[in-house]
Structure formats: structure tokens, C-alpha cells
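>>> Compute the structure for the input listed below.
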Amino acid sequence: MMNREQNILSGSVIGDEGVLSIEDLARACSSEPQWIVELVAIGVLEPQGTETSHWRFHATDLTCARRVARLQRDFDASLDAAAVMLDLLNQIEQLRTRLKRAGVDLE
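I've put the predicted structure just below:
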């Protein structure tokens with residue numbers, strides 16, 4: 001019998017109504033809770049709850065935090081620079097959506 005190493009992954013589906021604690025969000029981003037605190041401090045994330053230990057985040061916050069992490073990693077950007085890039089990317093997406101609604105062909 002061969003000895004095989006097995007990795008078991010577990011996860012859960014997070015819908016728009018789902019909520020994550022600061023620890024859950026940090027773990028999902030392969031980060032530390034302090035990084036999440038910094039995202040809140042610069043206005044990238046807006047948690048529900050008043051105390052850090054009671055903060056709750058939605059699935060959209062997870063997407064946003066992961067985008068910031070990717071921007072930091074891919075461009076070696078500071079947190080502030082990644083936040084600005086994220087804001088610009090969001091504005092571009094909104095403009096594209098408006099153009100599509102107006103019937104403007106982007107291709």
C-alpha cells in the first residue's frame with residue numbers, strides 16, 4: 001500500500017447575506033486581522049458593528065479585500081496606493097456599465 005499525502009480543503013459559500021468576522025475575513029485573504037483594521041481605517045472596508053471584535057463583513061467585502069491584496073502583491077503597492085488603484089478600477093467599471101446602458105459599443 002502506497003503512502004499518499006492528502007490535502008483536505010474546507011470552505012463555505014458566502015452569499016450577499018452571509019457575514020464574516022474580522023478573523024474569518026483575514027484568514028480568507030491569507031492575512032492578519034491588523035491588515036483588515038488598516039483597510040477599515042483608510043475607508044476601503046466599512047464593517048457592521050462598532051467594536052473591532054464585533055465587526056461583521058459581507059461577501060462583497062471579501063472580494064474587495066482580495067482585490068487590494070492582489071494589487072499590493074502584483075504591483076508591490078503600499079496599502080494607500082492599492083486603495084487608490086481599487087477606487088480607479090471601480091470607477092472604470094461604473095463608467096463601462098453606464099456606457100453599455102447608453103448603447104455605446106466598447107469594442
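
>>> which of the residues in stretch 77-85 are buried?
Using 16 or more other Cβ atoms under 10 Å as the test for burial, stretch 77-85 gives 77, 79, 82-83, 85. Glycine gets a C-beta too; all of them are placed from N, C-alpha and C.

>>> Now do the contacts for residue 30.
Residue 30 makes contact with residue 69 under the criterion Cβ atoms under 8 Å, 6 or more residues apart in numbering.

>>> for it, helix, strand, or coil?
Recorded secondary structure, residue 30: coil (DSSP: H, G, I helix; E, B strand; the rest coil).

>>> I'd like the distance from it to residue 66, if you could.
For residue 30, the distance to residue 66 (Cβ to Cβ, to the nearest Å) stands at 9 Å.

>>> Tell me where the chain is predicted with low confidence.
Scanning the chain for pLDDT under 70 picks out the ranges 1-4, 7-18.

>>> And the residue nearest the centre of it?
Nearest to the geometric centre of the chain sits residue 65, at 2.2 Å (Cα atoms, centre = their mean).
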